[in-house]
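> attaching a predicted model along with its sequence, questions to come.
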Number of protein chains: 2
Amino acid sequence: MKLYDFLPSGNSYKVRLLLSYLGIGYTHVPIDIMSGETQTPEYLTMNPAGQIPLLQLNDGRTLAESNAILMFLSEDTPYLPVNAFDRAKAVQWMFWEQYRHEPAIAVARYVSHYAPERKDELPKLQEKGRAALAVMDAHLAKSPWCVGAGPTVADIALYAYTHVADEGGFNLSDYPHVEAWCARMTEHPKHILITDEPT
Amino acid sequence: MKLYDFLPSGNSYKVRLLLSYLGIGYTHVPIDIMSGETQTPEYLTMNPAGQIPLLQLNDGRTLAESNAILMFLSEDTPYLPVNAFDRAKAVQWMFWEQYRHEPAIAVARYVSHYAPERKDELPKLQEKGRAALAVMDAHLAKSPWCVGAGPTVADIALYAYTHVADEGGFNLSDYPHVEAWCARMTEHPKHILITDEPT
C-alpha cells in the first residue's frame, strides 16, 4: 500500500497511527500541501477532493477521507467494535470529529501555523473548539475511551488534532479528562508521534 | 424506535428516506430547532452535540450524526455494500458530504431561509457549494451511483441537500449528471419527499 501524506497533518497522522498499531507496512509518499501538490491534475485524478491522506492499494484503487481509511483498515481488528451499536457509536464520534472538532481545532492550528493573514478567524474557531473539547471532556469523565473498553478508530480520529490543540491556542489543562485520555493514548505499545517520519 | 427530527432538515430526511426504503416503522418526534428545543438540558442529555436527527432505540440508547444512523440502519441491507472496499468508498462519500458538501450547500440553504442577517456569507458558501457539485457531477458522469450498481447510503446522504440546493441559490441545471441522478433517486418505489410528514 501507498500512503500519500503530509507529515504535520493530523488527518494523515490518524492513518499512520492505526497502521502502526496494526503493524502494517506501507510506502510513504510525502505530499507538500503548501506548494500545491494536492492540486495537480495527476493528484486530482486520484482524489478529486484534492486532499491528503490518500491510501492507494496495490491494485491502484484509491481511498480518501481519513476516517473512511480508518474504517477500511480497522475492519476485523480490535480497533473497530464488532457489536453493531458500539460500531455505530464509534462512527458517530468520527462524524462528529469531522463536523464539529476538526473544522475548529485543526483549522485554528492551521491558521496559527500557516495562514497568519486569516488570524481574525481565530477567536470564533477557538470558541467552537472549546465547545468541542468540553463535549469530549464530559464524555471522558464517564468513560475511559470513546466507546467500549479500549481505544478504537474513534479515539484515533479524535486524538490526532486534540493532542496538538495547544498549537491552535487551546489549553488542554482546562479539560482534565481529555488530558488524561491523551496520556492513555500514548501508553499503547505501538504509539508513534505525529512528528515521527515513517520508515 | 423514535426519531427526533426537524422536518425541513436534510440531515433528518436522510434517515426518514432510508427508513422508508427499509419499511421500518418508527415514532416521529418533531423537534423545533428554531425555538431551541435541541438546547434544553433534557435534549442535551440525549445528544450533547445538540443536533437532530437523533435515533432512540427501544432500550433507550441514542445514536446521533445522520450518516452514523444511516450506517447503523443499513447494516445487512442492500443499501450498505458488502464488499469491504465498496463499503469504504460509500463511507468516503459520506465523510466528504459532511466536510465539503453539507457545510456549504446546507448552510447556504439555511442562511437563505432562516438567517438573512448572515447573507454576507452566501457568496463564499455558494462558491464552495459549486465546487462540491462539480465533484459530484464529474463522478456521476462516469457512474450512475456513488458506488456500485444501485443506490446506497452514500447516495441517500448526498441526495438530501443536493435535491434542494436551489433553495440555497444553486442551479442544478449547471450539473446535468447530478440532475439525472436526482431523477433516478425519485424512481425508487419507496421514495418520499422531504416535505412528507411521517405517518
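That came through fine. Residues are numbered from 1 along each chain as shown, chains lettered A, B, ... in the order given.

> so where do the helices sit in chain A?
Under the criterion DSSP state H, chain A contains helices at A:10-22, A:41-46, A:66-74, A:84-96, A:107-114, A:122-142, A:153-162, A:176-186.

> among these, which is the most enclosed?
Most buried of the helices of chain A, by mean neighbour count (mean count of other Cβ atoms under 10 Å in any protein chain shown): helix A:153-162, with a mean of 27. In this view, the C-beta of every residue, glycine as well, is placed from N, C-alpha and C.

> distance between that helix and the chain's centre?
Averaging C-alpha positions (Cα atoms, centre = their mean, to the nearest Å) puts helix A:153-162 5 Å from its chain's average.

> possible to save the helices of chain A as CSV with mean pLDDT and distance to chain B?
Formatted as CSV, the helices of chain A follow (pLDDT from 0 to 100; distance: least, Cβ to the nearest Cβ, whole Å):
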stretch, mean pLDDT, distance to chain B
helix A:10-22, 98, 10
helix A:41-46, 94, 10
helix A:66-74, 98, 4
helix A:84-96, 98, 4
helix A:107-114, 96, 12
helix A:122-142, 97, 5
helix A:153-162, 98, 10
helix A:176-186, 98, 13
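
> out of those helices, which is closest to B:Pro123?
helix A:122-142 (18.5 Å; Cβ to Cβ).

> residue contacts, the nearest residue to A:Tyr99 once chain neighbours are set aside?
Ranked by Cβ to Cβ, 6 or more residues apart in numbering or on different chains and with sequence neighbours excluded, the top spatial neighbour of A:Tyr99 is B:Gln98, at 5.2 Å. Taking Cβ atoms under 8 Å, 6 or more residues apart in numbering or on different chains, we find B:Gln98 in contact with A:95, A:98-99, B:67.

> okay if I get these as TSV plus distance to B:Leu17?
Formatted as TSV, the entries for the contacts of B:Gln98 read as follows, by distance: Cβ to Cβ, whole Å:
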residue	distance to B:Leu17
A:Phe95	18
A:Gln98	22
A:Tyr99	20
B:Asn67	13
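
> out of these, who's nearest B:Leu7?
Minimum distance to B:Leu7 across the contacts of B:Gln98 is 19.1 Å, recorded for B:Asn67 (Cβ to Cβ).

> just the pLDDT for A:Glu197.
Looking at A:Glu197, its pLDDT stands at 89.

> am I right that it is in contact with A:Pro8?
No: between A:Glu197 and A:Pro8 there is no contact, the gap being 11.8 Å when judged by Cβ atoms under 8 Å.

> quick one: the nearest residue to A:Ala132 once chain neighbours are set aside from A:Asp137, how far?
Distances taken as Cβ to Cβ, 6+ apart place A:His101 nearest to A:Ala132, at 4.4 Å, with adjacent residues excluded. Taking Cβ to Cβ, to the nearest Å as the measure, A:His101 falls 12 Å from A:Asp137.

> swap in A:Ile24?
The gap separating A:Ile24 from A:Asp137 is 32 Å, by Cβ to Cβ.

> swap in A:Arg184?
14 Å.

> need the nearest residue in space to A:Glu102, chain neighbours excluded.
Here the nearest residue to A:Glu102 in space, its sequence neighbours aside, is A:Tyr161; by Cβ to Cβ, 6+ apart that works out to 5.9 Å.

> you'd agree that neighbour is up against A:Arg109?
Yes: counting by Cβ under 8 Å, A:Tyr161 sits close enough to A:Arg109 to count as a contact (6.9 Å).

> and A:Gly25, how many residues sit next to it?
Look at A:Gly25: counted by other Cβ atoms under 10 Å in any protein chain shown, it has 9 neighbours.

> quick check: which of the helices of chain A is nearest to B:Lys128?
helix A:107-114 (14.0 Å).

> how big is the angle separating that closest one from helix A:153-162?
Using axes from the mean of the first three to the mean of the last three Cα atoms, to 10 degrees, the interaxial angle of helix A:107-114 with respect to helix A:153-162 works out to 40 degrees.

> now do helix A:107-114 and helix A:10-22, the angle between them.
In this structure, helix A:107-114 runs at an angle of 110 degrees to helix A:10-22, with the same axes, to 10 degrees as the basis.

> show me how far helix A:107-114 is from its chain's centre.
Counting by Cα atoms, centre = their mean, helix A:107-114 comes out at 15 Å from the chain centroid.

> return the list of helices and strands in contact with that helix.
With contacts defined as 3 or more Cβ pairs under 8 Å, 6 or more residues apart in numbering or on different chains; DSSP states H and E, helix A:107-114 has these neighbours: helix A:122-142.

> next, count neighbours for A:Met1.
13.

> where's A:Ile194 relative to B:Lys89, distance?
Following Cβ to Cβ, the distance that separates A:Ile194 from B:Lys89 is 27 Å.

> likewise for A:Tyr175?
A:Tyr175 is 35 Å from B:Lys89, where distance means Cβ to Cβ.

> A:Gln98 now?
17 Å.

> got it, and A:Pro8?
If you go by Cβ to Cβ, the gap between A:Pro8 and B:Lys89 works out to 27 Å.

> and if you look at A:Met71?
From A:Met71 across to B:Lys89, the span is 11 Å (Cβ to Cβ).

> same check, this time on A:Lys119
37 Å.

> for A:Ala183, same thing?
Looking at A:Ala183 against B:Lys89, where the rule is Cβ to Cβ, the gap reads 36 Å.

> and if you look at A:Gly23?
Noted for A:Gly23: a distance of 25 Å to B:Lys89, by Cβ to Cβ.

> go on, A:Ala68?
Using Cβ to Cβ, one gets 8 Å for the distance from A:Ala68 to B:Lys89.

> and if you look at A:Asp76?
With distances defined as Cβ to Cβ, the gap from A:Asp76 to B:Lys89 amounts to 18 Å.

> for A:Arg118, same thing?
As defined by Cβ to Cβ, A:Arg118 lies at a distance of 33 Å from B:Lys89.
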